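Trainee: I'd like to go over a predicted model; first the sequence, then the structure.
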Amino acid sequence: MENEKQGTLPDIRRTFVFNARIQKVWEAVATSEGMAAWFMPNDFQPVPGHEFHLNAGQFGMSPCKVTEVDPPKRVSFNWGKDWTLTFELKELDGKTEFTMIHSGWDVSTVTEFGAPHPVIRENMDQGWAKLGLALGKYVEG
């Protein structure tokens with residue numbers, strides 16, 4: 001089972017159902033232009049091993065590396081030194097179920113910004129709820 005390792009916090013997992021075809025959602029989560037529209041400016045390319053950056057605004061450029069691309073079902077990348085983001089898509093009768101998984105939460109880790117993972121995780125969890133709504137507006141609009 002996930003996160004059975006002592007000293008870790010549960011993954012952030014958010015699932016949304018969008019009134020949009022899977023290909024449209026895929027383009028929103030697996031292209032640089034799509035991700036910039038609802039998430040962050042970036043130089044992402046859907047190629048395993050591709051190193052890119054997310055522009056995290058006041059926090060600067062975050063280094064990332066693509067770890068998995070399985071169109072149009074799954075894309076995953078390492079974010080910084082600690083986290084992994086995975087976007088999973090499932091077709092549902094002309095709609096798309098989208099699940100975002102943000103893993104890599106170690107209780108004892110302090111980020112380069114000086115905040116411990118438990119504090120950052122809570123903020124990120126709330127942020128992902130808002131970003132899921134932003135993605136929905138983008139793909140349904």
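Mentor: Here it is on my side, so go on.

Trainee: who's residue 74 bridged to?
Mentor: For residue 74, the beta-bridge partners under DSSP bridges are residue 70, residue 88.

Trainee: Distance across stretch 16-30, terminal residue to terminal residue?
Mentor: Distances were taken as C-alpha to C-alpha, to the nearest Å; on that basis the terminal residues of stretch 16-30 are 17 Å apart.

Trainee: For this structure, which residues score under the pLDDT cut-off?
Mentor: Across the chain, residues meeting the criterion (pLDDT under 70) sit at 1-6, 112-113.

Trainee: What segments of it are strands?
Mentor: With DSSP state E, the ranges of strands along the chain come out as 12-18, 51-55, 61-70, 74-79, 83-92, 95-103.

Trainee: gap between the spatially most central residue of the chain and residue 50?
Mentor: In the chain, the residue lying closest to the centroid (C-alpha atoms, centre = their mean) is residue 85, at 4.1 Å. With distances taken as C-beta to C-beta, to the nearest Å, residue 85 is found 14 Å from residue 50. Just so you know, the C-beta spots here come from the backbone N, C-alpha and C atoms, and that holds for glycine as well.

Trainee: what does residue 40 give?
Mentor: Residue 40 sits 16 Å away from residue 50, taking C-beta to C-beta as the criterion.

Trainee: correct me, but the residue nearest to the centre of the chain touches residue 76?
Mentor: Yes. The criterion here is C-beta atoms under 8 Å, and residue 85 meets it with residue 76 at 6.8 Å.

Trainee: returning to that earlier point: nearest approach to residue 44 belongs to which of the strands of the chain?
Mentor: Nearest to residue 44 among these is strand 51-55 (4.8 Å), distances taken as C-beta to C-beta.

Trainee: so what does that closest one touch, helix or strand wise?
Mentor: Strand 51-55 makes packing contacts with strand 61-70 when contacts are defined by 3 or more C-beta pairs under 8 Å, 6 or more residues apart in numbering; DSSP states H and E.

Trainee: burial measure for residue 117, as a count.
Mentor: Neighbour count of residue 117, defined by other C-beta atoms under 10 Å: 20.

Trainee: To clarify, my last question referred to residue 87.
Mentor: Summarising burial for residue 87: neighbours were counted as other C-beta under 10 Å, giving 21.
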